[in-house]
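Visitor: quick check, what structure comes out for this input:
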Amino acid sequence: MYILTASNLFSLLQLYNYICSCFPAILIFETGAYIQIKDVNSAYDMLQEMKRTTDCAPNEITYMRLLRAFDRNNNFKMVIVMFEEMKKEDLVPDVLVFNLIMKGYELDGNYLKVEEMYQEMKRCGIEPNEETACVYDSVVTWKEWNALMEG
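Guide: I've put the predicted structure just below:
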């Protein structure tokens, strides 16, 4: 099995402009290869290069794949960067992305951000699932605890 490197893939895309319509699927394949070797920063760099030099636009799946890769590599800062880029591109994250970010904020003890993400998810029309409820329960518990401490 042959796995394309970022530079090889980019060269192919420069050579064959018609491949641009398949860009998200190809990038997912490529980021999958990088995820296996834990070089998600190279996959991110490739994404930025592709956005600058081609007409190919990454889609929700492309971003979600990279978000999860950064999460698996314990790089929550880049998860947030990818989430913000996704929103700038007018792409709507799914419930899994919101849950991933809410869990990250929960692990940081930033319950206000968990609450903000939950409200943003509702504004986007994304239905919470069981995992969302589990994470959001920590916010409710935190609010109750603060109310008890103040009262």
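Visitor: which ones are touching the residue most central in space within the chain?
Guide: For the chain, the residue nearest the mean C-alpha position is residue 67 (2.7 Å; C-alpha atoms, centre = their mean). Counting by C-beta atoms under 8 Å, 6 or more residues apart in numbering, residue 67 makes contact with 79, 82-83, 86, 97, 100. C-beta coordinates here come from the backbone N, C-alpha and C atoms, glycine included.
Visitor: how about a cut-off of 10 Å?
Guide: 40, 78-83, 85-86, 93, 96-97, 100-101 (C-beta atoms under 10 Å, 6 or more residues apart in numbering).
Visitor: same check on residue 126?
Guide: Applying C-beta under 10 Å, 6+ apart to residue 126 gives the contacts 92-99, 118, 120, 132.
Visitor: for the residue nearest to the residue nearest to the centre of the chain when sequence neighbours are not counted, phi and psi?
Guide: Spatial nearest neighbour of residue 67, chain neighbours left out: residue 82 (4.8 Å); criterion: C-beta to C-beta, 6 or more residues apart in numbering. Main-chain torsions, residue 82, degrees, to the nearest 10: phi -60, psi -40.
Visitor: mind listing the helices for the protein?
Guide: For the chain, the helices defined by DSSP state H occupy 6-15, 23-37, 40-53, 60-72, 76-88, 95-107, 111-123, 130-150.
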